[in-house]
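Colleague: give the three-dimensional model of this entry:
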Amino acid sequence: MTHTPPRAAAAAYPATRLRRPRATAWSRAMYRETMLTPADLIWPLFVTDGTGVEDPIASLPGVSRWSVDGIAARAKEAVALDIPCLALFPNTQAGLRNATGSEALNPDNLMCRAIRAIRDACGDAIGVLTDVALDPYTSHGQDGLVDAAGYVLNDDTVDVLVGQSLNQAAAGADIIAPSDMMDGRIAAIRTALEGAGHANVQIMSYAAKYASAFYGPFRDAVGSRGLLKGDKRTYQMDPGNAEEALREVAMDLAEGADSVMVKPGLPYLDIVRRVKEAFAVPVFAYQVSGEYAMIEAAVAAGAGERDALVLETLLAFKRAGCSGVLTYHAAHAARLLGA
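Modeller: Now for the predicted structure:
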């Protein structure tokens, strides 16, 4: 059992005036407990077909799908802003989607072309995190293979996720991020990466991913919202569960995850804190599309000021224990922090 030393009793007012260190900007900066920098940010980007394409996403104002050449340009922008990592998500054409998500295994798919374009543009100056799940590739919108009744098959799906991970690693991905929530996939992917000579490719596991109402705009962005048959509650976590999140994290760490993620973000900061305190490992959170859209809606309605809302919410993630945050506001926040 960890021994916590007793806190010293504070002197009574007026010997102690807690407002005293808040009186000036330099003093507030000196006493600040939690700091936010561009190095704390991961920028999610959506990839689409074509050349010279910037396709705005209506439900994510200010966010676009970019063709591969645009993704390379965004990577250069991120390097200039000191953002350390990009997260890629493809919008796969309807004609390339099928029940088995086989396009995920194509070495020339959108994801792989975008990885190579970033490498050509930036070399090793920025990290590339790639999503591993089948929902951007399936005709039914589920994250895995389904049986005749529509149930997502765990072990059969894991076999495909392993192939998807190896495909992305071969293209140059630095971090494989399985977001599917299948049991046992971290061990299978880690073993496959080691066997294929990708020992230094990291795994950031979506360890505590909840069946949330905040994912709608993301599904628009990757083109799966209108395709989804059923829901994802048989594999994503119930929002009422916290102890289960700790079991998920423990399992993924034991199987070889280098870091873990909690998703969504702000509604689950209690989970971030509990994971950090229980395991003392790098914990990331995804400020998901619905959270981003709510901030933008508040700004559009005159209910808040964007810069302040963005920085305060990101600081909350850090205060809760996050090592970093995936956020669509990454470039905007990095500009504010670098000003």
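Colleague: list the buried ones in the one helix or strand N167 maps to?
Modeller: Here N167 sits within helix 154-171, counting by DSSP states H and E. Neighbour-count burial for helix 154-171, with 16 or more other Cβ atoms under 10 Å as criterion, is recorded at 154, 157-158, 160-162, 164-169, 171. Heads up, the C-betas are built off the backbone N, CA and C, glycines and all.
Colleague: E305 is in contact with V299, isn't it?
Modeller: Yes. Counting by Cβ atoms under 8 Å, E305 does reach V299; the two are 7.1 Å apart.
Colleague: now V152: phi and psi?
Modeller: Dihedral pair for V152: phi -80, psi 120, per degrees, to the nearest 10.
Colleague: show residues contacting stretch 228-235.
Modeller: The contact list for stretch 228-235, computed with Cβ atoms under 8 Å, 6 or more residues apart in numbering, reads 135, 140-144, 150-152, 154, 180-182, 211, 219.
Colleague: nearest to R225, of those?
Modeller: Nearest to R225 out of these is R219 (Cβ to Cβ; 3.5 Å).
Colleague: just give the nearest non-adjacent residue to the closest one, would you?
Modeller: R225 (3.5 Å; Cβ to Cβ, 6 or more residues apart in numbering).
Colleague: G223 too?
Modeller: N91 (4.9 Å).
Colleague: any idea how far the nearest residue to A213 once chain neighbours are set aside lies from S212?
Modeller: Spatial nearest neighbour of A213, excluding adjacent residues (Cβ to Cβ, 6+ apart): G290 at 7.0 Å. Distance, G290 to S212, using Cβ to Cβ, to the nearest Å: 8 Å.
Colleague: what's the answer for G50, then?
Modeller: According to Cβ to Cβ, G50 stands 31 Å off from S212.
Colleague: that older thread, for the residue nearest to G223, give its distance to N200.
Modeller: Going from N91 to N200 by Cβ to Cβ gives 29 Å.
Colleague: quick one: which of these two has more around it?
Modeller: N91 (19 against 8; other Cβ atoms under 10 Å).
Colleague: what about the residue nearest to R219, which SS state?
Modeller: With DSSP: H, G, I helix; E, B strand; the rest coil as the basis, R225 sits in coil.
Colleague: the following helix or strand past the helix holding N167 pairs with which strands, and in what direction?
Modeller: Following helix 154-171 in sequence order, the next helix or strand is strand 175-178 (DSSP H and E). Looking at strand 175-178 with DSSP bridges, its partner strands are strand 127-132 (parallel), strand 202-209 (parallel).
Colleague: okay, these, which one's buried deepest?
Modeller: Highest mean neighbour count of the strands paired with strand 175-178: strand 202-209, a mean of 25 (counted as mean count of other Cβ atoms under 10 Å).
Colleague: quick check, distance from that one to the centre of its chain.
Modeller: On the basis of Cα atoms, centre = their mean, to the nearest Å, the separation between the geometric centre of strand 202-209 and that of its chain is 9 Å.
Colleague: and what of stretch 55-72?
Modeller: How far stretch 55-72 lies from its chain's middle: 17 Å, per Cα atoms, centre = their mean.
Colleague: I'd like the numbering to begin with 554 instead of 1 from here.
Modeller: Sounds good: first residue 554 from here, last item stretch 608-625.
Colleague: contacts for that stretch next, please.
Modeller: Residues outside stretch 608-625 that contact it (Cβ under 8 Å, 6+ apart): 598-607, 626-627, 639, 641, 644, 663, 666-667, 670-671, 673-675, 769-770, 773-774, 842, 845-846, 849, 853, 881.
Colleague: returning to that earlier point: how deep is the residue nearest to A766 tucked in, by neighbour count?
Modeller: Other residues close to G843 by other Cβ under 10 Å number 19.
Colleague: measure stretch 700-709 end to end?
Modeller: Start-to-end span of stretch 700-709 (Cα to Cα, to the nearest Å) is 10 Å.
Colleague: buried residues in that stretch?
Modeller: 705, 707.
Colleague: neighbouring contacts of it?
Modeller: If you take Cβ under 8 Å, 6+ apart as the criterion, stretch 700-709 is touched by 693, 695-699, 735-737, 782-783, 785, 787-788.
Colleague: now the two most distant members of these.
Modeller: Farthest-apart pair in these is G737 and K782; separation 24.4 Å (Cβ to Cβ).
Colleague: report pLDDT for the closest residue to P792 other than its chain neighbours.
Modeller: Once flanking residues are discounted, P792 sits nearest to Y763: 5.1 Å by Cβ to Cβ, 6+ apart. For Y763, the model assigns a pLDDT of 98.
Colleague: quick one, strands of this protein?
Modeller: According to DSSP state E, the chain carries its strands in the segments 594-600, 607-609, 617-619, 638-643, 680-685, 728-731, 755-762, 812-816, 836-840, 877-880.
Colleague: so which bits of stretch 875-892 are buried?
Modeller: Neighbour counts using 16+ other Cβ under 10 Å place 875-887, 889-890 of stretch 875-892 among the buried residues.
Colleague: buried subset of the contacts of stretch 781-788 as a PyMOL selection?
Modeller: Selection of buried members from the contacts of stretch 781-788 for PyMOL, criterion 16+ other Cβ under 10 Å:
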select buried, resi 688+693+694+695+696+697+705+707+733+734+735+772
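Colleague: from the contacts of stretch 781-788, which two are the most distant?
Modeller: The largest distance within the contacts of stretch 781-788, taken as Cβ to Cβ, falls between N707 and R772 and amounts to 22.0 Å.
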